[in-house]
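Asker: give me a 3D structure for the following:
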Amino acid sequence: MNLMHRTWFKVLIVAILVSVLILLVSQIDFIFEPLWAYIGAVAAPLIGAGILYYVTRPVMYFFERYKIPRLLAILLVYVLLTLVGFIITQFIAPIAQQQFSRLIENIPKMVDGVQEFIESWQNNQTILPAQITEGINTQSIMNNIEKYSQNVTTAVINVVSYMVSFVVAIVLIPFFLFFMLKDGERLVPFIRQYLNNRVGDSFVKLSASVDHTLRSFIQGQLLVSFCVGILLLIGYLIIDLPYALTLSLFAMLTNIIPFIGPFLAVIPAMLVALFENPIMAVYVAIIMLIAQQIEGNLISPNIMGKALSIHPLTIITLILAAGSIAGFLGLLFVIPVYAVFKTITNHLYHEWLASKEKQYTTHDRT
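Answerer: Alright, predicted model coming up:
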C-alpha cells in the first residue's frame, strides 16, 4: 500500500504541520498583539454575558411560551435580574458584610488562641516522647500560620483585582446579554448558509452538542452550588455556628470549582468551629458530609446527569495543571473548556467514522 494512504502517516504529517505552524506563530507573535489586546478587553464582559445567557435563556423561553414577544420577554428578564440584585444588596449583602468584618476582627484572637492551646498542650501532655514534643515548636507553627495568612491575603488581593476588572467590564455585560438573548439563535443559521450541505449539517450538530455541554455545566454547576449553599446555611444555623451566612456564601462560591471546591469550602467553617467549640467542628464535618451526600446522590444526578461524564482523575489532573498555569481563573474555566474540547473531538471522530463507513459501503457496491 502507498505510504501516503496510511492513516498513521497522515496523522504524522498533520502533527508536523501543526507544530511548524505553532513555531511560526510564536516567532511573529508581535503581529497578533492587537488581537490579544482586543480579546482581553472583551473577554470578561463576553464570558459574564455568556454565563448569564445560559442562566436567563430558560426564563426567556418560559415567557415566550405564554405568547409574550421576545423583546418584552427580554425586558422581563432584566426586571427579574434587577429584582434579584436589589434583594441581594438590600438584605443579604449587609448581613454578610457585618459577619465578614467581625470575622476579620477576630482573626488575631483566634491566632492567640491557637498559640495558647499549643503551649498549654506542650506543658501538660505526657504521652508523646520529649523528642517529638520539642520538635513541635510553637514559634515555627505560628510562623507557618503567618505565612499561610499572607498567602491567603495575596490570594484575596488577586481575587479582588479580578473583581475590580469585572466591575469595570460589567457595564458592557447588559448590552452583550441583550443581543445574545435577542439574536443568539441566528448565529448558527448565519454561518450555516456559507457551508455546503455535508459540512453545514455537521456544523449544526456540533453547535447543538457544544450548546448542550455548556448549558449542562453552567446551569447545573450554579444550581448545584446554590443548593449546597442553602443546605450548609440551614445546617450552620441549626448548630448556631458564628458567621453562618458568610461561611455558606463562601461555600456556595467555592463549590463552583469542580471537585476541590467542597474541600475548600469546609476549611474556614472548620477553623471557626474549632475556635468556638471543638465539638462544633465535628458537627460542621457531619453537616458538610450530609450536604455532599445529598448533592452527589440526589441533586447533581437530577440536574446535570451525565452530560459531561468526565472521570474524577481527569478532573483532578486538569485542575492541578490549570491552577499552576492560570491560577484562580484556570480553576474556574478548565473543566468547561475541556468539556467543549471533548465534545468537539468526539463529534469529529464520529464524523470521521461515518465518512470511512460511507467509503467502504461505496467501495463494496462498486
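Asker: CA atoms for contacts and neighbours, from now on please.
Answerer: OK.
Asker: helices of the stretch 51-200 of the chain, start to end?
Answerer: 70-87, 93-124, 130-135, 138-169, 173-183, 187-192, 197-238 (DSSP state H, counting those that start in this stretch).
Asker: give me the distance between the last one and the centre of its chain.
Answerer: Which is helix 197-238. 11 Å (Cα atoms, centre = their mean, to the nearest Å).
Asker: which helix or strand lies directly C-terminal to that helix?
Answerer: helix 244-254 (DSSP states H and E).
Asker: can you list the buried residues in the following helix or strand past that following helix?
Answerer: The helix or strand immediately downstream of helix 244-254 is helix 261-276, counting by DSSP H and E. Residues of helix 261-276 classed as buried: Gly261, Pro262, Ala265, Val266, Ala269, Met270, Val272, Ala273, Leu274 (neighbour count, 16 or more other Cα atoms under 10 Å).
Asker: before we move on, what about stretch 10-30?
Answerer: Within stretch 10-30, judged by 16+ other Cα under 10 Å, no residue is buried.
Asker: mean pLDDT for the helices of the stretch 51-200 of the chain: which is lowest?
Answerer: Out of the helices of the stretch 51-200 of the chain, helix 130-135 stands lowest, with a mean of 49 (criterion: mean pLDDT).
Asker: tell me which helix or strand Leu332 sits in.
Answerer: Using DSSP H and E, Leu332 maps to helix 312-365.
Asker: and the furthest pair within the buried residues of helix 261-276?
Answerer: Using Cα to Cα, those reach their maximum pairwise distance at Gly261 and Leu274, which is 20.8 Å.
Asker: with distance to Ser207 added, can I get the buried residues of helix 261-276 in TSV?
Answerer: Shown next, in TSV, are those (distance: Cα to Cα, whole Å):
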residue	distance to Ser207
Gly261	29
Pro262	32
Ala265	35
Val266	38
Ala269	42
Met270	44
Val272	47
Ala273	48
Leu274	50
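Asker: ok, those residues vs Glu357, which is closest?
Answerer: Gly261 (43.9 Å).
Asker: correct me, but that closest one touches Asn255?
Answerer: Yes. The criterion here is Cα atoms under 8 Å, and Gly261 meets it with Asn255 at 4.3 Å.
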